[in-house]
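Q: could you work out the structure for the sequence below:
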Amino acid sequence: MPNRRQFAAGAAILFAAPARGQAWPSRPVKIIVPFAPGGNTDIIARLMGKRLGDMFGQPFVVENRAGANGAIAAEVVARSPKDGYTLFMAALPQIAIFPAMAKLNYNPATDFAPVSNIGFNPFVLAASAKLVSVKTLADFVDHARTAKTARFYGSAGIGSLSHLSMALLLARAGVTLDHVPYQGGAPAMNDVVAGQSPFYFGNLSEVLPHAKTGAVNMIAVSSEARTPRLPDVPTVAESGYPGFKTITWNGLLAPAGTPRDIIDALASNSARTVADAEVRAAFDGFGVTPVGDRPEQFAATIAADIALWAEAVKLAGLEAR
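A: Numbers count the residues shown, from 1 in each chain. Take a look at the predicted model:
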């Protein structure tokens, strides 16, 4: 028979986690965004913050910490208290690309607790409409093998997702094109529209407005399945390269060691938010496919992407020395 002291100790353990979980949040929660205001990541963070604040009864305040390609924000979150009051609206590059390219002050595999993948953007291989011979992925590969001119592609910069996605595709196809890095996706896209550059592997939200005007041809999308916004554009995988998949996501992370009941509460309410028709419509407006998955699923995505983009960084000759 347990004595009174043992019973009291056991009861304290039994009721400790629910009591702490119910107390959180008792003050505002910060969502750190690794970019300046106005981009997709910032918009997603503000949409999620407003809904989560309403659900939890405390403000979820977005704080923009731009700089060093998002590494500054990532380090701030990694070093924050593990109490659920600092979250990270991460983009894929801070977790799966830049740590493969440079020695950073955080470890993407061990310093964060995945909460939920909020949504993703596929990439679209775009060709200038003035390049009339390239309409399909087979045409693109043939151009890379045999063309005498326009044997290059533009990207948003060295080590950008557009650069590394093309590096993976060219490696899979066994062909080469010269790389011309731009200072961001907008000027790279603009030169394709103007016919000054033949190809750009860009984010769906970058490419779609120009495809609607007929200035570029959309050759293939990089997601596993066709995107509902482009039902007539085939995937790279179905165009002869099975298994090919490159996407960029935005997801909520917390510092590693954040209590599991807080992680679960955030994940459940993130899923509820992403399932809301208004939120899904807003995401659709800038080309984001909503996800809202569980921590274990998001952790598996992160692990797979760390391996995939490490390969891409190596192919591009950009791995950390």
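
Q: what are the contacting residues of stretch 271-285?
A: Where contact means Cβ atoms under 8 Å, 6 or more residues apart in numbering, the residues beyond stretch 271-285 that reach it are 43-44, 47-48, 51-52, 55, 116, 118-119, 229, 289-294. Heads up, the C-betas are built off the backbone N, CA and C, glycines and all.

Q: which elements pack onto whichever strand or helix holds residue 165?
A: Here residue 165 is covered by helix 161-173, with elements defined by DSSP states H and E. Applying 3 or more Cβ pairs under 8 Å, 6 or more residues apart in numbering; DSSP states H and E, we find helix 161-173 packed against strand 112-128, helix 137-146, strand 152-155, strand 178-181, strand 199-203, helix 295-315.

Q: show me which of the contacts of stretch 271-285 are buried.
A: When neighbours are counted using 16 or more other Cβ atoms under 10 Å, the contacts of stretch 271-285 contain these buried positions: 43-44, 47-48, 51-52, 55, 116, 118-119, 289-294.

Q: looking at these, which are in helices?
A: Filtering the buried ones among the contacts of stretch 271-285 for membership in helices, criterion DSSP state H, returns 43-44, 47-48, 51-52, 55.

Q: can you pull out the low-pLDDT segments for the stretch 1-150 of the chain?
A: Within the stretch 1-150 of the chain, the segments meeting pLDDT under 70 span 1-22.

Q: wouldn't residue 126 be in contact with residue 210 here?
A: Yes - taking Cβ atoms under 8 Å as the contact criterion, residue 126 and residue 210 are neighbours in contact, 7.5 Å apart.

Q: in this protein, which residue is closest to the centre?
A: Note on the chain: the residue nearest the mean C-alpha position is residue 249, at 2.0 Å, using Cα atoms, centre = their mean.

Q: bridging residues for the nearest residue to residue 80 once chain neighbours are set aside?
A: Ranked by Cβ to Cβ, 6 or more residues apart in numbering and with sequence neighbours excluded, the top spatial neighbour of residue 80 is residue 86, at 3.8 Å. Beta bridges link residue 86 to residue 30, judged by DSSP bridges.

Q: what's the helix or strand harbouring residue 252 packed up against?
A: Assigned by DSSP H and E, residue 252 falls within strand 247-255. Packed against strand 247-255 by the contact rule (3+ Cβ pairs under 8 Å, 6+ apart) you find helix 40-56, helix 71-78, strand 86-91, helix 92, strand 112-128, helix 260-275, helix 295-315.

Q: 7 Å instead, please
A: helix 40-56, helix 71-78, strand 86-91, strand 112-128, helix 260-275 (3 or more Cβ pairs under 7 Å, 6 or more residues apart in numbering; DSSP states H and E).

Q: quick check: mean pLDDT of it?
A: In this model, strand 247-255 has an average pLDDT of 97.

Q: show me the strands paired with it, marking each as parallel or antiparallel.
A: Listed by DSSP bridges, the sheet partners of strand 247-255 and their directions read strand 86-91 (antiparallel), strand 112-128 (antiparallel).
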